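> mind folding the following:
(chains A, B, C and D)
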Protein chains: 2
Amino acid sequence: MTKVNLKMVSEKLNVSVSTVSKALRNSYEIGNETKRKVIDMAQQMGYRPSPYAGFLRNHRSKTIALVIPELTNNFFIQAICGAESVAHEKDYHVLIYITHDDYTKEESILKDLQSGRVDGVVMSLSGTTKTYNHITELIGVNIPVVFFDRICYEIETAKVTTDDFASGFNATEHLIKNGCIDIAYLSLSENLSIDNKRAQGYLEALNKHGIPINKTRIIKCSNDEKSNYKKIRQLLKSNRRPDGVFSSVEKLAITSYVVCKDLNLKIPNDIKIISFSNLRTAPLLDPPLTSIVQPAFEMGKQAATMLFKHLGKKAIFIPNENVVLKSELIKRNSTGSNNKQKRILL
Amino acid sequence: MTKVNLKMVSEKLNVSVSTVSKALRNSYEIGNETKRKVIDMAQQMGYRPSPYAGFLRNHRSKTIALVIPELTNNFFIQAICGAESVAHEKDYHVLIYITHDDYTKEESILKDLQSGRVDGVVMSLSGTTKTYNHITELIGVNIPVVFFDRICYEIETAKVTTDDFASGFNATEHLIKNGCIDIAYLSLSENLSIDNKRAQGYLEALNKHGIPINKTRIIKCSNDEKSNYKKIRQLLKSNRRPDGVFSSVEKLAITSYVVCKDLNLKIPNDIKIISFSNLRTAPLLDPPLTSIVQPAFEMGKQAATMLFKHLGKKAIFIPNENVVLKSELIKRNSTGSNNKQKRILL
DNA sequence: TTTTTTTACGAAAACGAAGTAGTTGTTTTT
DNA sequence: AAAAACAACTACTTCGTTTTCGTAAAAAAA
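This is a model prediction of the structure:
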């Protein structure tokens, strides 16, 4: 059994290809009798229209791309789920691309997408991306791009973020209120808008509470797990270690936990930890991790929705639009025993 | 700036479309001088060949589909990464489809794929799938399917699994050796090959150690978190609760942890827990979770590799081939304090 | 009855790229 | 010098579908 096309159906019925095509699209030009026969035969022969042939005519691939820094991160997974749910609802297909936080990969992916393989792109910037020509070029050939979380201010389009400054501020203030006076900030990448916002919130909170700012307390981490481990270990091993750690991403919090276990530091007594995190197991960790939870699913969903709002137009231009959702600070025991949880909610 | 095609390039240079096409494909028919001019101009104009036009001729989409039950599961995420890495290397694109463990969705996805949108499929069955016509039909129209983890024995093709029977056996025996005499098995779906294998290993271990089999100790869970919570709570609340729990998937272990916290049951003293899990946070849980870790990345990688081995042929037929990888049992504190870990390895 | 309209269909031209089969003009062979 | 070979191109067809433009026959209007 081979793939069946319009011609094969038309030959079986002794009608023209056009008739079959029109009948299947329920055109008014075709009589009811013929329509029924065509539909039945197509069904029986297992006809499926070729998406690629279709594209060639109407220039719509019914496909979007999700360009994501990494998959081993619950935030992105949930965001993907959100975007996928919208795409599925709109009968769109989803191509997934992982940049591994590598600018070069991101660039080559977007260059390829200039081919028109997709109708639009939902993306979150890689941590090593500093220039944006590859993105403006893509938009230049009429393929719209919307951002979520790791956005790019320089490009005019729709963007979905969370209130990172406020979250950074609140997280830091939470540590301060729980007794910390020397707080380290674990940064993922200074190129990232979100990281900078979070850092600004951190600095602002220190400022407000009259805590002197110590640049050496801003730890620049990366995607290299080993190097991160070393940096954090060095931070926590020193005899002048901080009494609080604010991690900008969940994986650095995990590494911090590991370091604490290895150094036999007790959380929250020896050190308190707070982190951006969408870990399902946050409440089950030892100790439960105080988390800033981003509405990841919703962010992916909104980003995709904003994209779809513009797809289908001839010349696509998405004006600046900033949707800012709220993250939630969930207090648990990693920042102090007074935060002890009564009941676990997953 | 609009999308540029061969014709636009050819007009700029006053040559024919064929010349441009051939020059770009480095045909011997085109002179070096012309080639250079064409390549430069194409580059300068930002020409990208349309993947869809190309498909129409050579019937190769350079795309594969990953059909997965769910994303909020570290096993599948890692498997996706593995498959994606192979696809990327082969210059293939990856469409992702999520069945949400729903047979109907799985069926409609595979029906759609009959259109020839992809050259091949890597999939893991949904937990509610009992019939396989949608899969044989897809293979029937020459689109190969390879399975990983949740495979389908009835279909002749390549499959990647882990040693589920042995793992189930070992997990159960580990509990027994740590003193358990009444072990519950948390099943995800009786339709799934892997679940059955794991259950068989569980039963066999009980048998070997002369522990009577109690059918009510096999708890049939589902994808409904609330219902799972209730079932597990009921199991652990009873005054004749088991002293060990073997969970077939990580999410049921997480739920079990939550139930234990809520009921104030101490792991591993009141109850011991072991689970299949690819949780990065397993060593950081309270207590650290004894896990059977599947080589998920490798499984996805192998499955994709086996698929690619057959793509490119005219009539694709993948003979039965069973690759069985080994899972690793990592002993931690959730099954007894003697398993206390010295050093954490992520 | 003749003319117009409607109904129901078919022929053919896109869409973008690639490959087959020419078609030149030039060079080599005999 | 005639014939064959070759280099460097162009014209045309194909892929599967949609759509525009026809057109024949039937129905309605004149």
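> which parts of the stretch 1-150 of chain A sit against DNA strand D?
By Cβ under 7 Å from any atom of the strand, the residues of the stretch 1-150 of chain A that approach DNA strand D are A:3, A:5-7, A:17-18, A:21-22, A:24-25, A:29, A:47-50, A:53-54, A:56-58. Yep, even glycine has a C-beta here, placed from its N, CA and C like the rest.
> averaged pLDDT, whichever helix or strand residue A:10 is part of. What do you get?
Assigned by DSSP states H and E, residue A:10 falls within helix A:6-13. The average of the pLDDT scores along helix A:6-13 is 95.
> select the helix or strand of chain A having the lowest average pLDDT value.
When each helix and strand of chain A is scored by mean pLDDT, DSSP states H and E, helix A:51-58 comes last, with a mean of 92.
> circling back: can I get the helix holding residue A:10 in PDB, CA atoms only?
Taking C-alpha atoms only, helix A:6-13 is exported to PDB below (Å, rounded to 0.1, in the frame of the first residue of the first chain):
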ATOM      1  CA  LEU A   6      -5.700  13.200  -5.600                       C
ATOM      2  CA  LYS A   7      -5.000  11.800  -9.000                       C
ATOM      3  CA  MET A   8      -5.400   8.200  -7.800                       C
ATOM      4  CA  VAL A   9      -8.700   9.000  -6.200                       C
ATOM      5  CA  SER A  10      -9.900  10.900  -9.300                       C
ATOM      6  CA  GLU A  11      -9.000   8.000 -11.600                       C
ATOM      7  CA  LYS A  12     -10.900   5.500  -9.500                       C
ATOM      8  CA  LEU A  13     -14.000   7.600  -9.900                       C
END
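> run through who's touching the next helix or strand along the chain from that helix.
Once helix A:6-13 ends, the next helix or strand along the chain (criterion: DSSP H and E) is helix A:17-24. Contacts with helix A:17-24, where a contact means Cβ atoms under 8 Å, 6 or more residues apart in numbering or on different chains, come from A:6-7, A:9-10, A:13, A:29-30, A:34-35, A:38-39, A:42, A:47, A:49.
> repeat that with 6 Å
A:6-7, A:9-10, A:29-30, A:34-35, A:38 (Cβ atoms under 6 Å, 6 or more residues apart in numbering or on different chains).
> what about it, average pLDDT?
96.
> how far off helix A:6-13 does it point, in degrees?
Angle of helix A:17-24 versus helix A:6-13, following axes from the mean of the first three to the mean of the last three Cα atoms, to 10 degrees, is 90 degrees.
> so which residue is dead centre in chain A?
The structure's chain A has its C-alpha centroid closest to residue A:76; by Cα atoms, centre = their mean the separation is 4.1 Å.
> just checking, it touches residue A:66?
No. At 9.1 Å, residue A:76 does not count as touching residue A:66 under the criterion of Cβ atoms under 6 Å.
> what's the helix or strand for the residue of the stretch 201-346 of chain A found nearest DNA strand C?
At 13.5 Å from DNA strand C, residue A:314 is the closest residue in the stretch 201-346 of chain A, using Cβ to the nearest atom of the strand. Assigned by DSSP H and E, residue A:314 falls within no helix or strand.
> for DNA strand D, see how far away the residue nearest to the centre of chain A is.
Separation of residue A:76 from DNA strand D (Cβ to the nearest atom of the strand, to the nearest Å) stands at 35 Å.
> now for the residue nearest to residue A:257 when sequence neighbours are not counted, how many residues are close by?
Distance criterion Cβ to Cβ, 6 or more residues apart in numbering or on different chains; nearest residue to residue A:257, sequence neighbours excluded, is residue B:284 at 4.9 Å. Residue B:284: 24 surrounding residues under other Cβ atoms under 10 Å in any protein chain shown.
> rewinding a little: could I get the contacts of helix A:17-24 as CSV with distance to DNA strand C?
What follows is those, written out as CSV (distance: Cβ to the nearest atom of the strand, whole Å):
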residue, distance to DNA strand C
A:6, 10
A:7, 11
A:9, 11
A:10, 7
A:29, 4
A:30, 4
A:34, 3
A:35, 7
A:38, 9
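> which stretches of the stretch 1-150 of chain A have low pLDDT?
A:1 (pLDDT under 70).
> go ahead and confirm residue A:188 touches residue A:247.
No. Between residue A:188 and residue A:247 there is no contact under Cβ under 6 Å: 9.0 Å.
> these two: who's more crowded?
Set side by side, residue A:188 and residue A:247 show more neighbours around residue A:247, with 30 against 24, by other Cβ under 10 Å.
> give the contact list for the more buried one.
A:186, A:253, A:275.
> is the closest residue in space to the second one that isn't next to it in sequence in a helix, a strand, or coil?
When you say that, I think you mean residue A:253. Distances taken as Cβ to Cβ, 6+ apart place residue A:275 nearest to residue A:253, at 3.4 Å, with adjacent residues excluded. Here residue A:275 is recorded as strand under DSSP: H, G, I helix; E, B strand; the rest coil.
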